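K.L.:
all I have is the shape, not the residue letters:
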């Protein structure tokens with residue numbers, strides 16, 4: 001390391017101490033990590049909740065040896081940096097995403113600071129936080145923004161018609177904004193069910209928002225497009241039934257892009273037959289999987305090109321948020337306690353209609369800029 005501040009040897013994080021124990025999480029004491037040559041150590045101010053966290057606790061599909069601290073979205077201040085790090089320095093306020101096969105930054109101090117919470121991130125997944133952007137909002141972006149970015153940035157053409165179901169979700173509301181405001185979509189169509197979800201989707205820039213519980217969305221999209229279908233679907237809903245319906249909306253030769261492991265595999269435990277590929281084949285449409293986890297479960301995929309792409313995504317997350325183009329909607333802010341994080345994850349898992357993102361204040365003084 002070329003720079004370092006005095007930090008404790010351990011901290012009390014929030015995670016799991018037993019393999020595949022699932023929820024509830026618990027307080028786990030772990031060593032403060034040491035940054036490698038291309039990494040930075042961040043004292044964490046804020047984080048956010050993602051479904052990935054409860055899935056990791058339930059299945060531990062990255063093969064980690066507990067104890068494991070979760071909380072992979074990060075904002076905070078750099079307190080140490082590896083020898084090769086050049087783009088950020090000790091004392092910089094940053095946003096980052098921790099490696100998905102490493103520890104995160106949830107602390108159990110209730111937002112009161114104390115000994116602090118720490119996590120390492122690669123330099124290519126760390127970016128300076130613009131002063132106008134709060135630590136809370138910066139921490140709501142990394143994983144969901146990169147998921148939307150990986151699905152949309154290289155795949156779309158200006159003027160395309162795009163269907164992004166679940167436009168009120170954590171990934172969905174960012175993807176709708178990205179398509180409508182940053183990437184030049186001709187028409188953005190989305191879906192939801194709860195009034196607040198539909199409202200957020202409209203606010204995010206979707207021109208048409210259908211109720212998936214009441215509307216025949218494939219028929220409605222056929223009407224809107226003169227029977228042609230949409231150029232591109234980006235489906236981050238993780239619903240097998242939904243996958244089947246959204247595949248029916250793609251035009252001949254279009255693209256159906258799915259976040260995660262894809263159709264027939266949504267349980268991760270049992271693979272089932274899915275008709276999605278047959279539906280797409282009838283349309284001559286492409287099936288594309290976007291999966292950030294793959295970069296960390298298959299390290300060979302995280303080559304220099306992939307690193308540059310993710311670094312570009314992190315930079316644009318800050319730039320577009322500051323410009324008001326892609327702004328995280330934080331529907332709830334909780335303190336970093338074991339109890340509050342468990343309650344938030346249980347709500348996400350149960351599908352209780354969380355709109356946008358749930359932010360976690362890990363260190364209240366640091367997040368307030370003190």
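P.N.:
Here it is on my side, so go on. Keep in mind that what you see is a predicted model, and the values were worked out from it rather than measured.
K.L.:
now residue 174: which helix or strand?
P.N.:
Element membership for residue 174 (DSSP states H and E) is helix 172-177.
K.L.:
now do that helix: which elements does it pack against?
P.N.:
helix 142-152, strand 161-164, strand 187-192, helix 195-203 (3 or more CB pairs under 8 Å, 6 or more residues apart in numbering; DSSP states H and E). C-beta coordinates here come from the backbone N, C-alpha and C atoms, glycine included.
K.L.:
switch those over to TSV; also include mean neighbour count.
P.N.:
Below are these laid out as TSV (neighbours: other CB atoms under 10 Å):
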stretch	mean neighbour count
helix 142-152	26
strand 161-164	29
strand 187-192	27
helix 195-203	19
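K.L.:
could those be laid out in CSV, adding distance to residue 302 and mean pLDDT?
P.N.:
Conversion of the helices and strands packed on helix 172-177 to CSV gives the following (distance: least, CB to CB, whole Å; pLDDT from 0 to 100):
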stretch, distance to residue 302, mean pLDDT
helix 142-152, 13, 98
strand 161-164, 26, 97
strand 187-192, 31, 96
helix 195-203, 32, 97
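K.L.:
and of these, who's closest to residue 87?
P.N.:
helix 142-152 (15.7 Å; CB to CB).
K.L.:
can you list contacts of the closest one?
P.N.:
48, 50, 52, 72-74, 95-97, 125, 162, 170-171, 174-175, 178-179, 183, 234, 236, 257, 259, 288, 290, 292, 309-310, 313-314, 316-317, 326, 328, 357 (CB atoms under 8 Å, 6 or more residues apart in numbering).
K.L.:
cool, stretch 303-311 as well?
P.N.:
Against stretch 303-311 from outside (CB under 8 Å, 6+ apart): 122, 124, 125, 127, 146, 150, 295.
K.L.:
buried residues of the helix or strand hosting residue 316, list them for me.
P.N.:
Secondary-structure element containing residue 316, defined by DSSP H and E: helix 304-323. For helix 304-323, a neighbour-count test (16 or more other CB atoms under 10 Å) marks 307, 309, 310, 311, 313, 314, 316, 317, 318, 320, 321 as buried.
K.L.:
same list (the helices and strands packed on helix 172-177) but as CSV, adding distance to residue 18.
P.N.:
Putting the helices and strands packed on helix 172-177 into CSV (distance: least, CB to CB, whole Å) gives the following:
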stretch, distance to residue 18
helix 142-152, 24
strand 161-164, 38
strand 187-192, 37
helix 195-203, 35
